[in-house]
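Colleague: predicted model, plus sequence, below.
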Amino acid sequence: MYYLVLLLNVCLLISGQILWKFSLRGVTTWNLNAVLKVVFSPYFIGGGILYVLATAVWIFILSKIPFSVAYPLQSMSYIVGMLAAYFLFKEQIEISQWFGVGLIILGAYFIAK
């Protein structure tokens, strides 16, 4: 059951990152106007709210799962992040990166086992 809560934490974290990435669309140069546009973007604010929720979930997780298990299992967010990069942002993923994802999954398996 607590692993599902950990998965919720990962989903909240990566969703926040995705929203922050969306908030950066159209920014080509950084100046005060660009910063204000990003900071007051609904995507940026939504990402911040998701991070606050993720932190609350993380505190609960830390009270239930050993840190030596919970923290490494958060690496699953790297996998979800790479899938988001591929499917949402149409980024090219090299074969070596997919191999790295496989290693992360294998490591998570051994930690959770």
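Modeller: Perfect, thanks for sending it.

Colleague: do you know how far the spatially most central residue of the chain is from residue 110?
Modeller: Centroid-nearest residue in the chain: residue 14, 2.4 Å away (criterion: C-alpha atoms, centre = their mean). The spacing between residue 14 and residue 110, counted by C-beta to C-beta, to the nearest Å, is 22 Å. (Each C-beta comes from the backbone N, C-alpha and C, glycine too.)

Colleague: hang on, the residue nearest to the centre of the chain packs against residue 77?
Modeller: Yes. Using C-beta atoms under 8 Å, residue 14 is in contact with residue 77, at 5.2 Å.

Colleague: which intervals of this structure have sub-threshold pLDDT?
Modeller: Applying pLDDT under 70 to the chain flags no residue at all.

Colleague: again, only this time at 80
Modeller: 113 (pLDDT under 80).

Colleague: for it, what spans make up the helices?
Modeller: 2-23, 32-39, 42-64, 67-73, 76-87, 95-112 (DSSP state H).

Colleague: winner for burial among those helices?
Modeller: Mean neighbour count (mean count of other C-beta atoms under 10 Å) peaks for helix 2-23 among the helices of the chain, with a mean of 18.

Colleague: just the CA atoms of that one, as PDB, please.
Modeller: This file holds the C-alpha atoms of helix 2-23, laid out as PDB (Å, rounded to 0.1, in the frame of the first residue of the first chain):
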ATOM      1  CA  TYR A   2       2.800   2.400   0.900                       C
ATOM      2  CA  TYR A   3       4.400   1.700  -2.500                       C
ATOM      3  CA  LEU A   4       1.300   3.000  -4.200                       C
ATOM      4  CA  VAL A   5       1.600   6.200  -2.100                       C
ATOM      5  CA  LEU A   6       5.200   6.400  -3.200                       C
ATOM      6  CA  LEU A   7       4.000   6.100  -6.800                       C
ATOM      7  CA  LEU A   8       1.600   9.000  -6.200                       C
ATOM      8  CA  ASN A   9       4.600  11.000  -4.900                       C
ATOM      9  CA  VAL A  10       6.500  10.300  -8.100                       C
ATOM     10  CA  CYS A  11       3.500  11.200 -10.300                       C
ATOM     11  CA  LEU A  12       3.000  14.500  -8.400                       C
ATOM     12  CA  LEU A  13       6.700  15.300  -8.800                       C
ATOM     13  CA  ILE A  14       6.900  14.600 -12.500                       C
ATOM     14  CA  SER A  15       3.600  16.300 -13.200                       C
ATOM     15  CA  GLY A  16       4.900  19.400 -11.500                       C
ATOM     16  CA  GLN A  17       8.100  19.200 -13.700                       C
ATOM     17  CA  ILE A  18       6.000  18.800 -16.800                       C
ATOM     18  CA  LEU A  19       3.900  21.900 -15.900                       C
ATOM     19  CA  TRP A  20       7.100  23.900 -15.300                       C
ATOM     20  CA  LYS A  21       8.400  22.800 -18.700                       C
ATOM     21  CA  PHE A  22       5.100  23.900 -20.300                       C
ATOM     22  CA  SER A  23       5.500  27.300 -18.500                       C
END
